[in-house]
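A.B. asks: Turn this into a structure:
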Amino acid sequence: MGLLAVANMQMVSTRVNAASTKLTEATLTTQEVVERIMSLPFDHDLLEDENPEELGISTTHTYPDPPENYGYPKLPAGYSIYWEVDTSSATTKTVYIVTTWGNIENQKSLSIPMQISTFTNPKDS
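C.D. replies: Residues are numbered from 1 along each chain as shown. As a prediction, the model looks like this:
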């Protein structure tokens, strides 16, 4: 009985470690995309909201393909990333970055919201 319990514990431990590895990969990949998006100019094409007047409707951008053309790293196998851009005001954009992985029966996702703003000097207005 003791050996069966140890064997079961080993299997559960292996499964948890694999899930932890996937979550760590997703977090690191998403963080890298966050940093790339933060470095884009406020008016960059990948930060455009094509529906700025329509509340609740944001524009979805998918991870560039091929990513190398945009300076983005290649995604680990089985991951996909997209982000939605919503314009809150003339000087602020809300970006929701979503990373998904796994199969259809067991799909996981990680979402990171962020706000990007531009500062307008009142003297320039």
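A.B. asks: Tyr72: neighbour count?
C.D. replies: 19 (other CB atoms under 10 Å). Quick note: C-beta positions are derived from backbone N, CA and C, even for glycine.
A.B. asks: right, and it touches Tyr63 too?
C.D. replies: Yes: between Tyr72 and Tyr63 there is a contact at 7.0 Å, judged by CB atoms under 8 Å.
A.B. asks: and for these two, which residues touch both?
C.D. replies: By CB atoms under 8 Å, 6 or more residues apart in numbering, Tyr72 and Tyr63 have these common neighbours: Val33.
A.B. asks: Report all helices and strands that the least confident helix or strand in the chain by mean pLDDT contacts.
C.D. replies: Here the helix or strand of the chain ranked lowest by mean pLDDT, DSSP states H and E is strand 59-62, holding a mean of 81. The contact analysis (3 or more CB pairs under 8 Å, 6 or more residues apart in numbering; DSSP states H and E) places strand 59-62 against strand 79-89.
A.B. asks: what lines up beside the next helix or strand after the strand it packs on in the sheet?
C.D. replies: Next along the chain after strand 79-89, taking DSSP states H and E as the criterion, comes strand 92-101. Using DSSP bridges, the strands paired with strand 92-101 are strand 79-89 (antiparallel), strand 108-117 (antiparallel).
A.B. asks: Any buried residues in the longest one, and which?
C.D. replies: Residues of strand 79-89 classed as buried: Tyr79, Ile81, Trp83, Glu84, Val85, Asp86, Thr87 (neighbour count, 16 or more other CB atoms under 10 Å).
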